[in-house]
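Trainee: Here is my input, please return the structure:
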Amino acid sequence: MNCYASIANILFLLAISFAISSYPHEPWEFFSIHAFDHLDNLDKQAEPAHLCGTTVLYATGTGVYGYMGLPPEKEWEKVKKDAKEYIKYAKSLGIPTVLGYLCSTSIVGLKNFDKNFPSELKAQLSTPPSEWLQQDIHGKPLASWYGGEYNPACMSNPDWRKYQKYMVKTQFEIGVDGIFFDNPTVHPQGCYCSYCMNNFLEFLKSKGEKISDTSLTSIRNLAQSKPTEFKKFRCTVASNFLAEIRSYAKQINPKSVITANNSLNAPEVIFSQCHKYGYNIKEMSKSQDFVVIEDMISAPRRNTKGAYIECSPAYQLVNSILGGKTLVAVTIADGDYHTPPNLTKLAIFEAFTQNTNYMLWPTWEESHRNKMIQAIGTFVQWIKRYSSEIRSSQPLYDVMIYLPFEEWINQQECIELAITRELTKANIPHIVISEENFHTYFSESNLLIASNPNYIPPKTHLPISVLCSQNNKTFIDGSKKSFLTELKERLPNPSLMLTPNEPLRGVVRTTRDKIYLLLYNLNIERISSYEDKVEPVKDICIHLKIPTAEVAKVTLYTPEFTQDITQWELTKTTPTNPYIILKIPELAVAGIIEVVLNFEGK
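Mentor: Down below sits the predicted model:
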């Protein structure tokens, strides 16, 4: 085991790990920290991951050989033995869930890929790997989007699936609890192999179409003549692959978990990635135990031009289409997987405010490792003190934003992202709803924004603007440049008002007798992979609407201190909607304000 710190620091870190190792629910559910244990040539970083509070570790396992081809038998046995010992060690630290890694589509070095396949695997296969590849309209292998020695396997190919199942079984035998599938990508041109074409035929039949000529050539021509239907079909390929693998994994271990890289390299591609690579997060989520996205640019911060970057709007959109499944997010800046300590804390807290788990890359240089562990470990410990009650609370919102996700087929730009960004920036309490949960939330707010007044929600035949009118709700057309001005006119007394508004962000959560205000500061600049600069927000004034004029106690919790707020006042806009007015001298990174209500007037 590597020495990460002095004896005093080790004792400090062990105290942290003891405090944050317990969890009242599944280890991958909200709130939890996830972590990759490898980057480039540095791997097996279970110890720093654990000391930062990680409960789900994404290990290499034997995964690299899944796309490189298996080594000779003796070397393969050694690889499996080493991986098994490492997984056992990771669990001995207290990490409850360790995932293995597999690539959903990559074959590297096609010529010798199956050279060392064991006899038990060969006996299951009826074709060589050269026939497992995604194909163009003429049945020729498609080149990989990665270039070089990479070749894109087709997730519909039965022999590729058999090979993947062999790798899943192998990883389960060495002790992993599940698999993270990377790159479940359909080629931008689409795959026209016989298996995809047969599946496309069944897809069309399921939509009520009658196809007389079912020859391979005819179906390929049909795919080109029906581009909309073919795009929709392409978005089912990864989901079908993951569903079969997940079913197989549950047979081996009923408690196993399967997840995948759902991409979203930038928030703006939530629709366009469906068109280009078949990454339909809503469809793919159906076959996963929880959902991972990997954003490459939107780590919350102030950039060098003074603009504030944030990922919260993307979390809101994605969470609305997952049917309640847990969202896990990687967010980095400038393609650098190493994020300095205060920006890491900010990213964790921003995700936390949107019921999203954060994923670390604790693959730090040794000279910075102890600093990173101490900063992140204590911060995670602080959040976990309050996560149980926050997890059971409900969001407070004044406005609903309707995301018709199935409209992705008609457009590549998601206008709802821009709308959500504007409301987030203005700190107007809101919630994003989609086809998944429209009828659950529609009755809960009098204000609704959509980017098109003619959208027809599910289980109704009326345009959304008409539906709002018939239910005495105000509809605002979010496609208009003036929509935010109109919203503010319609909502003169929002549930939350912050001064200064920028660079603060506030999210309100409620329980039966408490209101929580989660505050964070975006005014943190990235200097390097390990250094950042915090500009605290000063002289903060908060107007928070509460349901009663009786307040028992107000407390501010920060990672640095806990403080009872005794100086506050109440002002009434209406008899039933008073504001509590609070003032905070300074906020560095994040804080939680707890308002305890007294409905009995005592």
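Trainee: Outline the domain layout of this protein.
Mentor: Domain assignment for the chain by automatic domain parsing gives 7-389, 399-490, 496-597.
Trainee: Please identify the most buried of these.
Mentor: Among these, ranked by average contacts under mean count of other C-beta atoms under 10 Å, first place goes to domain 7-389 (a mean of 19). All C-beta atoms are positioned from the backbone trio N, CA, C, and that covers glycine.
Trainee: still on that earlier bit, same list, the domains of the chain, but as TSV with mean pLDDT please.
Mentor: Formatted as TSV, those follow (pLDDT from 0 to 100):
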stretch	mean pLDDT
domain 7-389	94
domain 399-490	96
domain 496-597	94
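Trainee: Find the residue closest to Lys44 in space, skipping its chain neighbours.
Mentor: Closest residue to Lys44 apart from its sequence neighbours, by C-beta to C-beta, 6 or more residues apart in numbering: Tyr86 at 5.5 Å.
Trainee: and that neighbour, what element?
Mentor: In the assignment (DSSP states H and E), Tyr86 maps to helix 73-93.
Trainee: and the next element down the chain from that helix?
Mentor: Next along from helix 73-93, by DSSP H and E: strand 97-103.
Trainee: Can you tell me which helices and strands that next one packs against?
Mentor: For strand 97-103, the packing partners by 3 or more C-beta pairs under 8 Å, 6 or more residues apart in numbering; DSSP states H and E come out as strand 54-58, helix 64-68, helix 73-93, helix 158-173, strand 178-182, strand 257-260.
Trainee: now those in a markdown table, with distance to Tyr195?
Mentor: Shown next, in a markdown table, are the helices and strands packed on strand 97-103 (distance: least, C-beta to C-beta, whole Å):
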| stretch | distance to Tyr195 |
| --- | --- |
| strand 54-58 | 29 |
| helix 64-68 | 20 |
| helix 73-93 | 29 |
| helix 158-173 | 7 |
| strand 178-182 | 18 |
| strand 257-260 | 20 |
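Trainee: Of those, which is nearest Lys226?
Mentor: Lys226 lies closest to helix 158-173 among the helices and strands packed on strand 97-103, at 24.8 Å (C-beta to C-beta).
Trainee: From the chain's centroid, how far away is stretch 94-108?
Mentor: Counting by C-alpha atoms, centre = their mean, to the nearest Å, stretch 94-108 is centred 17 Å from the centre of its parent chain.
Trainee: Can you give me the first-to-last residue distance of it?
Mentor: Length of stretch 94-108, first residue to last, C-alpha to C-alpha, to the nearest Å: 35 Å.
Trainee: hang on, the earlier thing: of the helices and strands packed on strand 97-103, which approaches Tyr402 most closely?
Mentor: In terms of C-beta to C-beta, the element of those nearest to Tyr402 is strand 257-260, at 27.3 Å.
Trainee: tell me what that closest one is packed against?
Mentor: Judged by 3+ C-beta pairs under 8 Å, 6+ apart, strand 257-260 is in contact with strand 97-103, strand 178-182, helix 227-252, strand 291-295.
Trainee: Name the surrounding residues that touch the second one.
Mentor: Residues outside strand 178-182 that contact it (C-beta atoms under 8 Å, 6 or more residues apart in numbering) are 58, 97, 99-104, 168, 171, 242, 245, 249, 256-261, 289, 292.
Trainee: Just the C-alphas of the helix holding Tyr86, formatted as PDB.
Mentor: Extracted C-alpha coordinates of helix 73-93, given in PDB (Å, rounded to 0.1, in the frame of the first residue of the first chain):
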ATOM      1  CA  GLU A  73      -3.500 -18.400 -21.100                       C
ATOM      2  CA  LYS A  74      -0.800 -18.000 -18.400                       C
ATOM      3  CA  GLU A  75      -0.800 -14.300 -18.700                       C
ATOM      4  CA  TRP A  76      -4.600 -14.200 -18.700                       C
ATOM      5  CA  GLU A  77      -4.700 -16.200 -15.500                       C
ATOM      6  CA  LYS A  78      -2.200 -13.800 -13.900                       C
ATOM      7  CA  VAL A  79      -4.300 -10.800 -15.000                       C
ATOM      8  CA  LYS A  80      -7.400 -12.300 -13.500                       C
ATOM      9  CA  LYS A  81      -5.600 -13.200 -10.200                       C
ATOM     10  CA  ASP A  82      -4.200  -9.600  -9.900                       C
ATOM     11  CA  ALA A  83      -7.600  -8.100 -10.600                       C
ATOM     12  CA  LYS A  84      -9.300 -10.400  -8.100                       C
ATOM     13  CA  GLU A  85      -6.800  -9.400  -5.300                       C
ATOM     14  CA  TYR A  86      -7.300  -5.700  -6.100                       C
ATOM     15  CA  ILE A  87     -11.000  -5.900  -5.900                       C
ATOM     16  CA  LYS A  88     -10.800  -7.800  -2.700                       C
ATOM     17  CA  TYR A  89      -8.500  -5.100  -1.300                       C
ATOM     18  CA  ALA A  90     -10.900  -2.300  -2.500                       C
ATOM     19  CA  LYS A  91     -13.700  -4.000  -0.600                       C
ATOM     20  CA  SER A  92     -11.600  -4.500   2.500                       C
ATOM     21  CA  LEU A  93     -11.200  -0.700   2.600                       C
END
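Trainee: Distance from it to the middle of the chain?
Mentor: Distance, stretch centre to chain centre, for helix 73-93: 29 Å (C-alpha atoms, centre = their mean).
Trainee: got it, and stretch 364-373?
Mentor: Distance, stretch centre to chain centre, for stretch 364-373: 26 Å (C-alpha atoms, centre = their mean).
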